[in-house]
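Asks: The amino acid sequence is not available; the structure is as follows:
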C-alpha cells in the first residue's frame, strides 16, 4: 500500500513518470490471494492506466484499464478513462461503447 500511496502523491504533484514508477511497484507487491481487496486492485490498475495515459502510452493504458474493469466491473471511472484513451487513439465506436457503459452505471 505504501507504493500505491507514493504513486498517488506523485500523481497529485503532476510527476507522472514517478507516479508510474511507484504504481508499477505497487502492482508487483499486491498479493494475488483473497487477502487483497478487489477495490484496491481496481483503483491501482485504474491509476496506473491514468499515469500511462498522461505519458501518451495509450495502448498500455488500455491494458491497465481493462485490468481495473476485470477486477471491479462496476468501476465507472475505469470505463470513462478507457473511453478517453480509445478516443485519443481514434477508435471512435469503441470509445462510444465504453463511455456508454460508464453512463449506464452512473447516469
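Replies: Looks like it came in fine. Note that the structure is predicted; figures quoted are calculated from it, not measured.

Asks: The most centrally placed residue in the chain: which element?
Replies: Against the mean C-alpha coordinate of the chain, by CA atoms, centre = their mean, the closest residue is residue 46 at 1.6 Å. Under the assignment given by DSSP states H and E, the secondary-structure element containing residue 46 is helix 38-54.

Asks: For that helix, what does the pLDDT average out to?
Replies: Predicted confidence along helix 38-54 averages 91 (mean pLDDT).

Asks: Contacts for it next, please.
Replies: If you take CB atoms under 8 Å, 6 or more residues apart in numbering as the criterion, helix 38-54 is touched by 1, 4, 7-8, 11, 16, 19-20, 23-24, 26-27, 30, 58, 60-65, 67-69, 71-72, 75, 77-78, 81-82, 84-85, 88. (Glycine included, C-beta is placed from N, CA and C.)

Asks: Would you mind measuring from the residue nearest to the centre of the chain to residue 90?
Replies: 22 Å (CB to CB, to the nearest Å).

Asks: ok, now residue 55?
Replies: Summarising the geometry, the distance separating residue 55 from residue 90, computed by CB to CB, is 19 Å.

Asks: out of the two, which sits in the busier spot?
Replies: Counted by other CB atoms under 10 Å, residue 55 and residue 90 do not tie: residue 55 has more neighbours, with 14 against 8.

Asks: Okay, that one and residue 87: tell me how far apart.
Replies: Here the criterion is CB to CB. By it, residue 55 lies 17 Å from residue 87.

Asks: List the residues that contact the residue nearest to residue 4 when sequence neighbours are not counted.
Replies: By the measure of CB to CB, 6 or more residues apart in numbering, the closest residue to residue 4 outside its immediate chain neighbours is residue 26, 4.1 Å from it. The contact partners of residue 26, by CB under 8 Å, 6+ apart, come to 1, 3, 4, 7, 44, 48.
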